Structures are given as structure tokens and as C-alpha cells.
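S.K.: compute the structure for the input listed below.
(chains A and B)
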Number of protein chains: 2
Amino acid sequence: MTAPLKAIDGNADLPALMTDLAIQARAAARVLALAPPEQKDRALEAIERAIRANAAKILAANAEDVAEVRAGGATSAFIDRLTLTPARIDAMADGVATVRGIPDPVGAVTESWQRPNGMTIERVRVPLGVIGVIFESRPNVAADAGVLCLKSGNAVILRGGSDSFRSCRAIHEALVQGLREAGLPEAAITLVPTRDRAAVGLMLSGLNGGIDVIVPRGGKSLVARVEAEARVPVFAHLEGVNHVYVDRTAKLDMAKSIVLNAKMRRTGVCGAAETLLVDRAGAAATLKPLIEMLLDAGCEVRGDHAVQKVDARVKPATDDDWDTEYLEAIIAARVVDGVDAAIAHIQNHGSRHTDAIVAEDAKAAEKFLSEVDSAIVLHNASTQFADGGEFGFGAEIGIATGKFHARGPVGAEQLTSFKYRVHGTGQTRP
Amino acid sequence: MTAPLKAIDGNADLPALMTDLAIQARAAARVLALAPPEQKDRALEAIERAIRANAAKILAANAEDVAEVRAGGATSAFIDRLTLTPARIDAMADGVATVRGIPDPVGAVTESWQRPNGMTIERVRVPLGVIGVIFESRPNVAADAGVLCLKSGNAVILRGGSDSFRSCRAIHEALVQGLREAGLPEAAITLVPTRDRAAVGLMLSGLNGGIDVIVPRGGKSLVARVEAEARVPVFAHLEGVNHVYVDRTAKLDMAKSIVLNAKMRRTGVCGAAETLLVDRAGAAATLKPLIEMLLDAGCEVRGDHAVQKVDARVKPATDDDWDTEYLEAIIAARVVDGVDAAIAHIQNHGSRHTDAIVAEDAKAAEKFLSEVDSAIVLHNASTQFADGGEFGFGAEIGIATGKFHARGPVGAEQLTSFKYRVHGTGQTRP
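M.R.: Residues are numbered from 1 along each chain as shown, chains lettered A, B, ... in the order given. Got it, this is the predicted structure:
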């Protein structure tokens, strides 16, 4: 049985409610920052158990959410994102176990050195504080983001899409049960207890210093709004217009498997390739096989003149295609004059997310990796590796394309700051 | 001879001018990001030479600035901050040499690891981009900040106080001369070429993505304005309400020398102590000697009842005193119930800058260092060590109390971001 729905639509004094949530979250953050790793892991273990034990309750709440949006005429893609199944709940619980297994970042000494006067200085990881996570219809984000913040010693305020409100609330109950069992403050993981959309704007304002950073999880319009309105730092990427450049020195077989994987493994992820750049000097050997492979795999190809010539199925690319994140089985393709032209194209059209070069020439690869100003640059590997799990971070809260604080996959470490601890024996400054 | 003063007061189309500067700075930043360390060091060497060679020109320009503010009735403290002398110009040139000697942070691999599939991932330092530095009357900031940005591969847009405009312009000419000699773009170090105060507001807007971070250098009102208005990240501290806590286990001699140094070595620096907290359990032995030492050294003491009782010269502290950054020979002093009460006082009244404990008890020290949420926490050492030079960073552009990206002394490393470079042999994601 899910709790009754009173007070979830509209709220008499939302600003006061949100401010109060932030104050409680801040107090919880102070406790969490000093909580021993074992206590956080105990909470994570209890959360995993509670998610599995409450699966039926979570599914029932989710069924109500799904029924509501189905009645409202939602698309099947939307309904799929919203729908939980026993397997998805298992995956959510498994994710909690994975996060428990990550090394605790808090308190780690990342550097330490001694000064000539004998003082030692340590740089030590500390949590950031209170993280606001704004997401859309996928209810599992409540668990994924909640436990990653917990592991990194941060309090979190979760605001899910209003369509997934009942599902998020049921998941949140399991999270809170775990916190309680481990003796940690319940406000460490807070769910905004209303569907009122004005809550998002209040979170973006930073709640008078109550929220330290916002992480949006969802489509481009959500991220664009967050980036435009937030008065606090944001960890996000607006889009992933990712490129694979096939150099004249590339091995054709390797280029084929990387291009196919980068585009077609999963087309809807932010690390998917959207544009293929082929070196003119190698095009005689590589262009036709690459394009035919993509077409044969069911990928639409939108090409420049040179690409159009190799296969009648190629459609002409328009100017917009070079700047488009398709997230579908469509690729833009063009021929460029070597690595310099590829870098220039990426600088003009890329989104600073993830770009790859396929080349045997180490100098071309080095040039590409140095000069392409993206969070992730790869040599002879697929862009689909742009993922915290694939990087070995265990889990990620998202991928950031900004250059401040977090960049690339944002894992537990990137959710921390640092402080300097200085140990002296009575030193004074001359 | 300084250049004529045309076009420095007011500007017909300031937004267009500033946008143009930012575009040029961005282009320069791209060149600088890829410039080899030797080329940047060549520029630094040429800048050092140019500052020394142009000393007479810089002094003449400065004399004009000083004459103008003197005629305007400026305070002697203001005039002192503005005034350059041959010794101060030497110190500026020496500072350039010091920055040249810092290891180049760009390109440094800070972490690297191999994934089970054989891919290696490197985390490599890259510059941030374009840094906006807004400062007040001290013209040496133009050189200090300019060269630190150059060393770290960033372009910089400098906006000095309008009172120091001629001085900054003369220094800037030397900076540009050095860039030119080393074949680096002149826009790598840009001085806003107008005294129009509206330029500051435009910089705080971020100039449509033209500026990546703002560093304010100056008094509290400048920093407060920057923090309130900036639409881009800011590296700054609003104030340093720093504490020294003397635990019951402190050695009196050590406590005396640390307290005296922390408060009185230089009272006007942000690392100066402003509040003394004395453990009640040790007060019988430590309070009177500490307070008398401060009073005898010419420091005004504003104390709670317990502190007032030890010496008739102590003035009563008001509530405001606990939150005040004096930057003068004044200290607030009170007795607290042990390390927990000291931590609570600092949480309520501190500014998250620099706080110290004097104690022989390692557990009390550990508790203080863990729980005080400040950028720098020290055990048995003076708060006056809060300085990039003292930390071994060679130079600093300022001290940050925020938790994002840079915290504590902001040196060359903190002016960089990072990217992930992935090296594969054809890996695709399963």
C-alpha cells in the first residue's frame, strides 16, 4: 500500500517547505561528513535489503504512476522509461551493492608534503555538502543518485518528475529505512514531497545557500533550463555530439568495429557517436566499407558530397546535421583533410563530451588527444566507453562537460572537495 | 612617456568592445593551452626583463595616477597601496621569475590506470580557459595575476581599479612585450582599455561564455559584489574570520608564540587570526599570560566576562565582535568548554578560511582538523601560513573559501582543469 496522495499536488507555502528541507539536509550533511565509512556502508546494505523487501510496494506505486500517464496519453517510450519491473528493481538493488563496494572517498589523503620549516601539509577529501538532483521519469535515479551521494558523504535533495512521484516515494521509503537502521539522519536523502513544479525553480535558486550543486538527469530541455537558471554550480552535459575520426593510418578492421560500436551499440546514450570524419588521404580505402557497413547495419547516413558518392542510400547532410545529437540510428559523415581538419571540425561542431581517433600514427593520435578540447578523448577505442562504470568508478551520477570541479564521468570522488590539514610543532611565520 | 589618455573614460560601445576582447582572449587561450612550457617560460623571462627595463616608464605613469588621487583627497593608506617604488617594481619582476620556476602544470598526468580490457586511462591537466581578474588599487596585481595565468596556460582579462589605470597600462605594456618576444598572442594577457566602471558588470556577466572564471582581488565590498552578481564561477574569499583555539593540553610557550604570530605578524592579511578561543579547563594557566602578551604587544582585546577579569585593559566584546574580520591589531577572545565548544563557535562564526588548534592531545587535534569545515586547518602552527607561497605553490592568485574546484590558496595547479585521455588497441564496449 502506498501512502495516500494528500498534499502532493500544490502546496500552500512551497518556499517555506523547501527552505526547511534544505536546512534539515544541511544538518544531515554535517553528520554524514563525519560518519565513519562502516556506518555509511551499513546504511547501504540496509538500503539494498529494503529495496528488495519492498519490491512489491514499489511496483504497486509504480503501477499507479503508469496508469495515470497512460490515461493521459503518454508515448510508449515515456511509459517504458517510467515502468519498473522486478528485474529493474533487482538492478537498482544491485546498483546499491556496487556503490557500497566503491572505496570511500571521504578522508582520503590525495597529496601530502613537508615544508622546509618541518610543517606537513595534507590535502584531504571532504564531501561537497548538499547536492540537488533533478530528474525526470526514470524512478531508479532516486536510488542511484541517492546512494552515490550517501557514499560520498553528501546529503541529497531529490526531485523526481511529477509523473513518477509515487514510484519515487516508495523507493525513497526504502532509502530512509536504510538510513534509519544505520543510525544516520533521515534528511540525508530527502525527496521533495510535492509534485508542485515550482519546486524545481526553488532548487535552482540554491535555496539561500541550502544547495551546493545541482545535477540534472534527463533530456536536453531539462538540462538547458538548469544550466540557464541555476544560481549554483551544475554538473551536467547538455548533449554529446561525439565524433569518430578515421585517420589515413587507421587499420580498416579496427575502424569498422570502433565506428559500428560507437554509433550502433546503443544509440540513445550520451556517449554514442553522432558524426563520422574520414581522412581524405585514406578515403579511397576506408570510406566505402565504413559507410556500407553502417547502412547495412540499419543506420541512416547523412553525408557530404564525397560520402554521397559511395552509396546511393546516403542522404545529403544539411548544415544542421553537423551540430545534431541524434540519439538514434542516424550518423552524419564527411571527408576531412587530415587530423587538423578533423580537430577544427570538432572545435566548431562538438559539444566537448567525447571524441575518438582511429589511427596507427602515434603523432596524429597525440595531436588529436592534445588538441581536441573534450572531457574524454580516445585513441583506438569506442566513444561508448564514456561511462563511470567503464572508467572503473563503480557508478556515476552523470557526465559533465564543464571544466569546473567535475569533468567527464562524475563518480563518488568527483562529489567531494578537499581541505588542507597542516601539522606543525609550533611553527610561526617569519 | 605613457600613452595619451584618449578613450579611457567612457566608451561609446562598451559591450561590443568587451565582447571583442573576450573573443580575442578565447582565441589566445587556445594557442596558450598548446604552447610548450619552454615558450611560456621564454615569455616569462622576457616579461621579467621588460618590467625591469620599463621601470622608469611604469614609475612615471604611476606618479600620474598618484597625483590624480592625491588631488582627489585619497587616504594615505589608499595612496600607499597605489604607489609603486623602484623596490616594488623589483619585487614584481622577482615575482615573475618565481612563477617561471614553478613546474608547468599543463599536461601533467595526475592519475593513470589500466582497465581489465587493456585500455589505459590518463587524467591530464589542461588549462581552464579565460580568467577574468578584477582588482582594485594595487597595480602589481596586473603582473602577478597575469603571469600566473600565463604559466597555467590560461588567457586572462585584467580589469584594474580606475585609479591605477595608467600604472596598469604601463605594466601591461611590459607583459605584452614579453608575449610578443616569445611569439605568443598578445591577447593572452588583456587589460581592459577603459576606466569605464561598467566594464566590471560586463565581466561578471561572463561575456556570453567568453570568461570562464572570475577572480576578484580587493576589499570585501568588491568580493561581495562579485559573489552576488557573477554568472560564472568565482574563486574568492569574502573574509577571513580566523580562529586560534588553545586547548587545555597546549604548551603555554607554543600557544603564546602561535597566538602572537597569528594575530600580530601582519594584521592586514586574510590569514590573520581574529578570534582567540581558550579552553576553560586550561584557562587558569593560559588565559592571563596570553591576554597580557597581546595587550603588551599593542593589541586591543575584546573579551567575554572571563577574559575581562584577567586584565583591566580588556574591553567587553559585543555580539558583533565574534563575526568581525578586524584586519587590525584587535582580537576577540573568549573562554569555551573544550574542543567541541570551539568547533561549534567556529561553525557559527567562522568564514571557512583558516583555523588553528594549539594542543598536545592528538585526539583533540584530530577532532578539530576533521570537524572544522575550513579550507585550511592547522595543528600547532600559525594561521598566517595561509598563503600559496608558504604552501610551496610558488605563487597564488588568491585564497578561495568555496568548495568547488579551487579551495585554499589558488596556485597554478588550481587554475587548471583536466581531461581523460584513453589509449586503446581497438576496444569496443560489449
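S.K.: pull the contacting residues for the nearest residue to residue A:113 once chain neighbours are set aside.
M.R.: Take residue A:113 and drop its neighbours on the chain: the residue closest to it by C-beta to C-beta, 6 or more residues apart in numbering or on different chains is residue A:121, 5.8 Å away. From N, CA and C alone the C-beta is placed, and that goes for glycine too. Counting by C-beta atoms under 8 Å, 6 or more residues apart in numbering or on different chains, residue A:121 touches A:112-115, A:420-423, B:391-392.
S.K.: what about these, which are in strands?
M.R.: Of these, the ones assigned to strands by DSSP state E are A:112-114, A:420-423.
S.K.: quickly list the domain ranges of chain A.
M.R.: Domain assignment for chain A by automatic domain parsing gives A:14-235+A:411-419, A:242-390.
S.K.: what's the burial count for the closest residue to chain B within the stretch 251-400 of chain A?
M.R.: Residue nearest to chain B within the stretch 251-400 of chain A (C-beta to the nearest C-beta): residue A:381, separated by 2.9 Å. For residue A:381, the tally of surrounding residues (other C-beta atoms under 10 Å in any protein chain shown) stands at 30.
S.K.: who's it bridged to?
M.R.: Residue A:381 forms beta bridges with residue B:427, as assigned by DSSP bridges.
S.K.: now do residue A:215
M.R.: In beta-bridge terms (that is, DSSP bridges), residue A:215 pairs with residue A:133.
S.K.: that one and residue B:90, how far apart?
M.R.: Per C-beta to C-beta, to the nearest Å, residue A:215 is found 49 Å from residue B:90.
S.K.: quick one, which of the two is more surrounded?
M.R.: residue A:215 (25 against 13).
S.K.: mind listing what the more buried one touches?
M.R.: Counted by C-beta under 8 Å, 6+ apart, residue A:215 has contacts A:131-134, A:145, A:234-236, A:397-398, A:410.
S.K.: now do 10 Å
M.R.: If a contact means C-beta atoms under 10 Å, 6 or more residues apart in numbering or on different chains, then residue A:215 has A:131-135, A:141, A:145, A:148-149, A:156, A:226, A:233-236, A:397-398, A:400, A:406, A:410, A:415 as its contacts.
S.K.: again, but for residue A:389
M.R.: A:95, A:98, A:395-396, A:409, A:411.
S.K.: could you do residue A:171 as well?
M.R.: Residues counted as contacts of residue A:171 (C-beta under 10 Å, 6+ apart) are A:47, A:50-51, A:54, A:57-58, A:61-62, A:84, A:89, A:92, A:139-144, A:146, A:158, A:160, A:164, A:191.
S.K.: same question for residue A:317.
M.R.: Contacts of residue A:317 (C-beta under 10 Å, 6+ apart): A:275, A:301-305, A:307-308, A:324, A:331-334.
S.K.: in PyMOL, how would I select just the buried ones from the residues you listed?
M.R.: Applying 16 or more other C-beta atoms under 10 Å in any protein chain shown to the contacts of residue A:317 leaves a buried subset, and the PyMOL line that selects it is:
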select buried, chain A and resi 275+301+302+303+304+307+308+324+331+332+333+334
